[in-house]
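Chemist: Here is my input; please provide its structure:
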Amino acid sequence: MSGETTTENVAAAERSVLGSMLLSGDAITDVAMMLTGPMFKAPAHELIYDAIMEVSGRSESVDVITVGNQLAAIGEAERAGGSTYLHQLIGETPTPANAAYYAHIVVNDYAARESRRLFEQARYRVEQGEDAARVKTELDGAYDELTRRTTLHGSSQLADHLDETTRRLREGTHGHTTGLRDWDDLTGGFAPGTLNVLAARPGMGKTAVALHIARANANKGVPVLFLSLEMGPAEILTRIIAAECMIPSDRLKLNDPQLTGQDWEKIERVIPAKLDDWKFYLHAETSTTVESFVAEIRSYQRQHPDLLVVIDYLQLMDAAGRYESRQTLVSAITRKLKAAALTLQVPIVLLAQLNRESESRADKRPVAADLRESGSVEQDADLVALLHREDVYDKESPRAGEMDIIIAKNRSGATRTLSAAALLHYMDVRDMAYDSGGF
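Modeler: Numbers count the residues shown, from 1 in each chain. This next block holds a predicted model:
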């Protein structure tokens, strides 16, 4: 088989992959880590591959007889070429030791075929009058998914990761800061590759917490991408001004006479300097798809590998394609965001809305099951933090001005309820014994 990838070379590689699997259990292991049945160009080869994997999955010996019996059992023996073709595959295989090499050719050819198909499909949609920008965004998302499926991620020795792991242990954090000491101490921060859900009922302060997280990281020099479906740039910047300058938010209204000269001096001294120093990127739209967000994240991650992503919020998002229910749509969204976090190795903080169930209970503290469409969200998330304030329901509560951060799920450690000072008149939160000087 020459180095040039031709149609015949690909066909020969597919036959050699299958022949290797029929000859060697080690080859089955090597190939199974690299490709799946639909990656084969020849339909007969996909049938044979699936039959081999089925027999192997039952812990039975893989050979011409067992695979032939499996094909006969599902009525596909004739379409797969019968036992004669299985013997031919073995006879054509130079050595099963090269199974990974043959599989690599098959994977590359599949990637090329899929790329052409995606491009032609996108071109046809544009020619039919669909919005070109939307088609491009969805094409980018499809290419990202194709790359994830066809990129071979090699293993590595644990020793290769020792220096980085011990550095993180010494620093006491595994990722970007939450902006709150107790939260960082419990979870180690937001680690690369994680999906972190921050959920609450309306009015609890989840956007204030999200912006606190974003500002805390921006102040440490971390690039932040804030993707907002609910607020525009002016509203977000107004909240940042209130928090950074500690000016009550109700004074930050257009032509409000309460905004003093001292307030303006603070704004003009603090905010331009902050914005010049920060790598804080805002993407604000009223409606967009998860594929569009993933494309945006990918674009910024190329420039800033240590990016932190904040998305406000889940229930306003959509996804390309048709879904039979809201639950399956949300499941697709969280699955794609988790895949993007893993593929791009960025932490994503995803805001979400809780349903009304907690408000009908005597104890109004939320639980993870209160997440709307909670099953998929809980499953895909590495961390779930629920926000609760007693003074929302009891104005005379002795805990007025406090916020509970209920860590309901934490893949990296314990679950616990933390307390923070809810300075929502400044659109901010702080550690309970907070320093008015800021971060």
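
Chemist: Could I get the full set of helices for the stretch 301-439 of the chain?
Modeler: Counting by DSSP state H, counting those that start in this stretch, one finds helices in the stretch 301-439 of the chain at the ranges 326-344, 374-380.

Chemist: Tell me the helices and strands packed up against the longest one.
Modeler: Right, the one you point to is helix 326-344. Under the contact criterion of 3 or more C-beta pairs under 8 Å, 6 or more residues apart in numbering; DSSP states H and E, helix 326-344 touches helix 132-150, strand 195-200, helix 290-303, strand 348-353, helix 374-380. C-beta coordinates here come from the backbone N, C-alpha and C atoms, glycine included.

Chemist: how about 7 Å then?
Modeler: Using 3 or more C-beta pairs under 7 Å, 6 or more residues apart in numbering; DSSP states H and E, the elements in contact with helix 326-344 are strand 195-200, helix 290-303, strand 348-353, helix 374-380.

Chemist: Only the buried residues of the last one, if you could.
Modeler: Just to be clear, that refers to helix 374-380. Buried residues in helix 374-380, counting neighbours by 16 or more other C-beta atoms under 10 Å, are found at S374, S376, V377, E378, D380.

Chemist: So, low pLDDT: which residues of the stretch 51-200 of the chain?
Modeler: Within the stretch 51-200 of the chain, the stretches with pLDDT under 70 are 148, 151-162, 164-165, 167-174.

Chemist: Recalculate using a threshold of 50.
Modeler: Counting by pLDDT under 50, the stretch 51-200 of the chain has low-confidence residues at 153-155.

Chemist: What is the burial count for R269?
Modeler: If you count neighbours by other C-beta atoms under 10 Å, R269 ends up with 11.

Chemist: again with T66
Modeler: By other C-beta under 10 Å, 18 other residues sit near T66.

Chemist: repeat for the one 3 residues further on
Modeler: N69: 14 surrounding residues under other C-beta under 10 Å.

Chemist: hang on, it is in a strand, isn't it?
Modeler: No: assessed with DSSP: H, G, I helix; E, B strand; the rest coil, N69 is helix; it does not lie in a strand.

Chemist: how many other residues sit next to T166?
Modeler: Other residues within reach of T166, judged by other C-beta under 10 Å, total 10.

Chemist: and it, what helix or strand is that in?
Modeler: Using DSSP states H and E, T166 sits in helix 162-171.

Chemist: Against which helices or strands is whichever helix or strand comes after that helix packed?
Modeler: Where DSSP H and E defines the elements, the next helix or strand beyond helix 162-171 is helix 181-187. The helices and strands touching helix 181-187, judged by 3+ C-beta pairs under 7 Å, 6+ apart, are strand 402-410, strand 416-423.

Chemist: who touches helix 181-187?
Modeler: The contact list for helix 181-187 (C-beta atoms under 7 Å, 6 or more residues apart in numbering) reads 173, 177-178, 383, 405, 407, 410, 412-414, 416, 418, 431.

Chemist: which parts of that helix are buried?
Modeler: By 16+ other C-beta under 10 Å, the buried positions in helix 181-187 come out as R181, D182, W183, D184, L186, T187.

Chemist: what does stretch 131-138 give?
Modeler: Across stretch 131-138, burial judged by 16+ other C-beta under 10 Å covers R134, V135, T137, E138.

Chemist: V224 touches N217, doesn't it?
Modeler: Yes: using C-beta atoms under 7 Å, V224 is in contact with N217, at 5.4 Å.

Chemist: And the buried residues of stretch 131-138, which is closest to A73?
Modeler: For the buried residues of stretch 131-138, the minimum distance to A73 (C-beta to C-beta) is 39.6 Å, reached by E138.

Chemist: Wait, that closest one touches G321, no?
Modeler: No: in this structure E138 lies outside contact range of G321 using C-beta under 7 Å: 8.9 Å.

Chemist: Name the residues contacting each of the two.
Modeler: Shared contacts of E138 and G321, defined by C-beta under 7 Å, 6+ apart, are absent.

Chemist: Would you mind listing the buried residues in stretch 17-25?
Modeler: Buried residues in stretch 17-25 (16+ other C-beta under 10 Å): V17, L18, G19, S20, M21, L22, L23, S24.
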